[in-house]
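# Next one to model:
(one chain, ligands or ions: 1)
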Amino acid sequence: MREALRAAEERLARAGVDSPRVDAELLVAHALGVSRTELYAEPERDAPAGLEPLLRRREAREPLAYLLGEWGFRRLTLRVDWRALVPRPETEVVVERCLALLAGLERPRVLDVGVGSGAIALAIADEHPGALVTGVDVSEQALSLARENAERTGLAVELRLGGIEVAAEGWDLVVSNPPYVAPEEIEALEPEVRDWEPRSALVGEGAHEELARVARTRLLVLEVAPAQAGRVAAALEAAGYDGVSITRDLAGRERVVEGRQA
Ligand SMILES: C[S@@+](CC[C@H](N)C(=O)[O-])C[C@H]1O[C@@H](n2cnc3c(N)ncnc32)[C@H](O)[C@@H]1O
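The predicted structure is shown next:
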């Protein structure tokens, strides 16, 4: 197995994978049905038979999360596949801001626009148990994955087909990580994103501004690309939000814009 790990690492490095050793370990462990730490408990065992197809997929730069079939997001382990975006670490910061703003509200009505895998909606339901959380998405496929994740985590959230217009129904907090990659930027993205994640989850323009205009909510929290933060903050101010602020992610990039209104 040591040899299999080394060979897998080399193949993934040649394919341009960012973290070939970690990916090799996770794929070998997945093929064996053990955890990454358990892998080293018996280093002399045979390489698992199911490894080769996984390696081929990863060499084609399919996201690691899709191959493993699940991914950690805050306290949850969510099912992930081609139906939705892989939840990102910066989106954990979005949830952090929502929880801070919701502190002290007992039964807040929360809407997640573009629920995808369910990551934001389910994490808020998990970490603010009094919240009444709704998630909407225009993609039936994303919604089916969110439903599976609601069932898997045992968290009660309302999930329905819908778009930005649902934000006008009246909420305590509206949160969204909408598609915000400009069409001309897509080719420059990593193959994992460009070639495998749903285009409809990635490419889009103007959703932040539209949400600022149409949402009827006391609190609005939006994930943005770093270059968009100033513009989106200005849009919130123009729409009448107070206390507009920008939060950086762990890498120091401006990623979350929030505001409140009476
Ligand atoms: C960037 S993904 C975010 C998914 C998830 N919230 C997360 O953070 O991992 C954007 C999601 O918004 C959905 N979407 C795109 N346009 C939308 C719209 N106008 N209204 C609602 N959802 C939309 C996509 O189908 C996709 O699931």
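
# Kindly report the residues of the stretch 151-262 of the chain close to the ligand.
Proximity of the stretch 151-262 of the chain to the ligand (C-beta under 6 Å from any ligand atom) is limited to residues Gly163, Ile164, Asn177, Pro178, Pro179, Ser200, Ala201, Gly204. Every C-beta, even on glycine, is put in place using the N, C-alpha and C of the backbone.

# who wins for neighbours among those residues?
Sorting these by how many neighbours each has (other C-beta atoms under 10 Å) puts Asn177 first, at 27 neighbours.

# Confirm for me that that residue is in contact with Val115.
No - using C-beta atoms under 8 Å, Asn177 is not in contact with Val115; the gap is 9.4 Å.

# At which residues are the helices of the stretch 101-250 of the chain located?
Assigned by DSSP state H, counting those that start in this stretch, the stretch 101-250 of the chain shows helices spanning 119-127, 140-153, 191, 199-202, 207-214, 229-238.

# What's the separation between the spatially closest residue to Arg199 that is not a sequence neighbour and the ligand?
Nearest residue to Arg199, sequence neighbours excluded (C-beta to C-beta, 6 or more residues apart in numbering): Ile186, at 7.5 Å. Note on Ile186: its distance to the ligand, by C-beta to the nearest ligand atom, to the nearest Å, is 13 Å.

# got the residue ranges for the strands in this structure?
Taking DSSP state E as the criterion, the chain contains strands spanning 70-73, 76-79, 109-113, 132-137, 158-161, 171-176, 217-223, 242-248, 254-260.

# any chance of those strands in JSON lines, plus mean pLDDT?
Converted to JSON lines, those look like this (pLDDT from 0 to 100):
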{"stretch": "strand 70-73", "mean pLDDT": "98"}
{"stretch": "strand 76-79", "mean pLDDT": "98"}
{"stretch": "strand 109-113", "mean pLDDT": "98"}
{"stretch": "strand 132-137", "mean pLDDT": "98"}
{"stretch": "strand 158-161", "mean pLDDT": "98"}
{"stretch": "strand 171-176", "mean pLDDT": "98"}
{"stretch": "strand 217-223", "mean pLDDT": "98"}
{"stretch": "strand 242-248", "mean pLDDT": "98"}
{"stretch": "strand 254-260", "mean pLDDT": "98"}
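
# and Glu148, which of the ones you listed is closest to it?
Judged by C-beta to C-beta, the one of the strands of the chain that comes nearest to Glu148 is strand 76-79, at 5.4 Å.

# could I get that closest one in CSV with only the CA atoms?
Only the C-alpha atoms of strand 76-79 are listed here, as CSV (Å, rounded to 0.1, in the frame of the first residue of the first chain):
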residue,chain,number,x,y,z
LEU,A,76,-22.1,18.8,9.4
THR,A,77,-21.0,16.1,6.9
LEU,A,78,-23.0,16.7,3.8
ARG,A,79,-23.6,14.5,0.7
